[in-house]
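1. Just need the structure, nothing else, for what follows:
(chains A, B, C and D)
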Number of protein chains: 2
Amino acid sequence: MPRRATPTKIEDVARRAGVSVMSVSRAIRGVEGVSEKTRADILKVARQMKYMPNSAARSLVVSNSNLIGISLPTFAGEVFADILNGMRQTFDSAGYSSVIDTTEYDPDAELSWVRRLLSWQPAAIILTGIDHHPETRELLRASPIPVLEIWDHTDDPIDICVGIDHFRAGQMIGEHAVSLGYRRPAFVSTPLGHDKRADARLEGLRSVFGPAGGADVAASRPSLGNAFVTGFDGTAKLLDADCPDIICYLNDHMAFGGLMCCQARGLSVPGDIGIVGFNGLDLATVLPMKLTTIRTQRRLMGITGARHLLARINGVPTPESTVLPLQFEAGQTTCDQIDL
Amino acid sequence: MPRRATPTKIEDVARRAGVSVMSVSRAIRGVEGVSEKTRADILKVARQMKYMPNSAARSLVVSNSNLIGISLPTFAGEVFADILNGMRQTFDSAGYSSVIDTTEYDPDAELSWVRRLLSWQPAAIILTGIDHHPETRELLRASPIPVLEIWDHTDDPIDICVGIDHFRAGQMIGEHAVSLGYRRPAFVSTPLGHDKRADARLEGLRSVFGPAGGADVAASRPSLGNAFVTGFDGTAKLLDADCPDIICYLNDHMAFGGLMCCQARGLSVPGDIGIVGFNGLDLATVLPMKLTTIRTQRRLMGITGARHLLARINGVPTPESTVLPLQFEAGQTTCDQIDL
DNA sequence: CTGTTAGCGCGTTCAC
DNA sequence: GTGAACGCGCTAACAG
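-> Numbers count the residues shown, from 1 in each chain, chains lettered A, B, ... in the order given. Modelled structure (predicted):
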């Protein structure tokens, strides 16, 4: 007794159209080897019978699928949603489906997802960042499946990568701050080691302030949770202790929370304190005060990554490592420190 | 000549372990029919050889996969990201992988995605809302695959649904507004027909103001794009024309844009004008003024939906239609109109 | 241009 | 408790 109504298969179509199974297969896939007339007849019958090829069967034969795996840290916060959007649009129109995972920044979770995905023989795999479980790298390096690492960059990717230079981003912020005369920088982020990209930006910031400003960068690393609240709380903690003159944030959301904190305490921005975000999110467009930030081209990054990967899938030569430019945007939350 | 290195298959493991293919199959799947000792031996060998079952082959035999399809309108704006997060967490720990789609509110796009997905014989399919292409309903009704419709509700779902009552949400806002003495309501949304849930909320609002307030609800429907900007622009248009005393928004993001617009024009909120959002997003938590809104339990909705669906997959009886409660949150952006 | 043969890797069935 | 057949639906390779 069959558990479910069997859908029409290629054999049913062939019988009804009075041709062989292979002709149907060829007609459906649009490959050569069928006369235009038979092809038209077959397609008509197939449509009538609502025939839908079984992807598992096809995948089994060709050792390959039209599935593309995408692993993201999280959906929260627009950033990865933007990247994902760019990629999905590109893959979708190329006929691929996206199998998506969120790791919550846990390399073990990423690894076990990669294992499961591999069992589907996906056309490609996309991972966020360049820091993975050693076994993930090993597994993927050994497999012939194209791999894209996105959002960060390295000279030694698993396969190919498209991203930005986070260390450089930190430097750019630092240079801006130094040139305006800021001396007591601080950074509000998540716990160290949680987000390697954020850590890299902090390092970039430190590389500037170390030699130039002579001051270390105070870092506040509140626990996880809502970015707005985290920014607010992290700022409160810094203001209580270190008395910085400029605070840089993991992202614009946190910066906004920080801005609210400063306002709540009656501090004037940028008079008393400078605020710098990261990403150039839409949120900033309606704020009464333009946020100093670095705009990352997330959607473009997604599209670029997807295109390179498609090329890679089709055997077209592709650059191994692509670094997208950063756009520094000086806003109204930082200004010259004339009180020196 | 094989195109790619063949991964180890079940036969390889069987040979190496000195048993039959079937024993390996049973051992791996954890079903009865193997002695504990042989099972242990087999699992050890399998691990050594890094054996990973081929999902396509398995799927072909059992006419079924561990893939779950999830269709969302968009990733933008936290709302669907929250729902998705709740669902993914639940499915993931149950061993399912998520194939995700974004339709951008286009029923045709949804349909063609459903078609593609069906070719993978997924364990279940999740669609957002209850308005679909007729053929989508037909296709899914005819198939034995469990279907969950989420975020909205109806007495006649394709299979099962979990959501909220959007019409009622509009009513709640209307009742609040009327009780505070507001008379000239307005609604800022997206173009009519674009988002059926938003339309339903507007209808709910109208159902209150029609009889009680005697005034119709002015509606501003700017074109699509960034929600903050849309809220800002839609508000500007309303203020220029209709002179409302309370403006309700599609969501909190738009409400925030509207709030900024009012502030930019020197209007006092809630003195001159009331502002009401929708969803109860995290954004609101750091605003200097608590936003009047309706909190939707999006993550809970995702988890609930996923649980019901898993029950459905496993043949456990499940409620057909589940409506989650709404939490009205009176904030500081609406108050009594004492100037009547 | 068309059809036939022979699997793809695994799970069900039914022997032993 | 274990193993040998067979078939899931489809396509590559070859024949005609």
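2. Can you tell me the element residue A:301 falls in?
-> helix A:298-313 (DSSP states H and E).
3. before we move on, what about residue A:71?
-> Using DSSP H and E, residue A:71 falls in strand A:67-72.
4. Direction included, what does that strand pair against?
-> Take DSSP bridges as the rule and strand A:67-72 pairs in its sheet with strand A:97-102 (parallel), strand A:124-128 (parallel).
5. Could you double-check that residue A:297 lies in contact with residue A:324?
-> Yes - using CB atoms under 8 Å, residue A:297 makes contact with residue A:324 at a distance of 5.8 Å. C-betas here are computed from N, CA, C, even on glycine.
6. circling back: most tightly surrounded among the strands paired with strand A:67-72?
-> Most buried of these, by mean neighbour count (mean count of other CB atoms under 10 Å in any protein chain shown): strand A:124-128, with a mean of 26.
7. by how many degrees do that strand and helix A:298-313 diverge?
-> Taking axes from the mean of the first three to the mean of the last three CA atoms, to 10 degrees, one finds strand A:124-128 and helix A:298-313 inclined to each other by 150 degrees.
8. Contacts for strand A:124-128 next, please.
-> A:68-73, A:80, A:87, A:103, A:110, A:114, A:117, A:136, A:140, A:145-152, A:158, A:305, A:309, A:312-313 (CB atoms under 8 Å, 6 or more residues apart in numbering or on different chains).
9. So how do I select the buried members of those residues in ChimeraX?
-> Applying 16 or more other CB atoms under 10 Å in any protein chain shown to the contacts of strand A:124-128, the buried members can be selected in ChimeraX as follows:
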select /A:68,69,70,71,72,73,80,87,103,110,114,117,136,140,145,146,147,148,149,150,151,152,158,305,309,312,313
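10. quick one: which of the strands paired with strand A:67-72 is nearest residue B:6?
-> strand A:124-128 (18.7 Å; CB to CB).
11. Contacts for the very next helix or strand once past the closest one next, please.
-> Moving toward the C-terminus from strand A:124-128, the next helix or strand (DSSP H and E) is helix A:134-142. Residues from elsewhere that reach helix A:134-142 (CB under 8 Å, 6+ apart): A:107, A:110, A:111, A:114, A:115, A:118, A:125, A:127, A:147, A:158, A:159.
12. any chance you could map the strands in chain A?
-> In chain A, the strands defined using DSSP state E lie at A:67-72, A:97-102, A:124-128, A:147-151, A:160-163, A:185-188, A:218-220, A:246-249, A:274-276, A:293-295, A:321-323, A:327-329.
13. Now tabulate the ones you listed in TSV and tack on mean pLDDT and distance to residue A:236.
-> Output for the strands of chain A, formatted as TSV (pLDDT from 0 to 100; distance: least, CB to CB, whole Å):
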stretch	mean pLDDT	distance to residue A:236
strand A:67-72	97	30
strand A:97-102	96	29
strand A:124-128	98	30
strand A:147-151	97	30
strand A:160-163	97	33
strand A:185-188	90	10
strand A:218-220	66	9
strand A:246-249	93	11
strand A:274-276	95	14
strand A:293-295	95	21
strand A:321-323	97	36
strand A:327-329	94	26
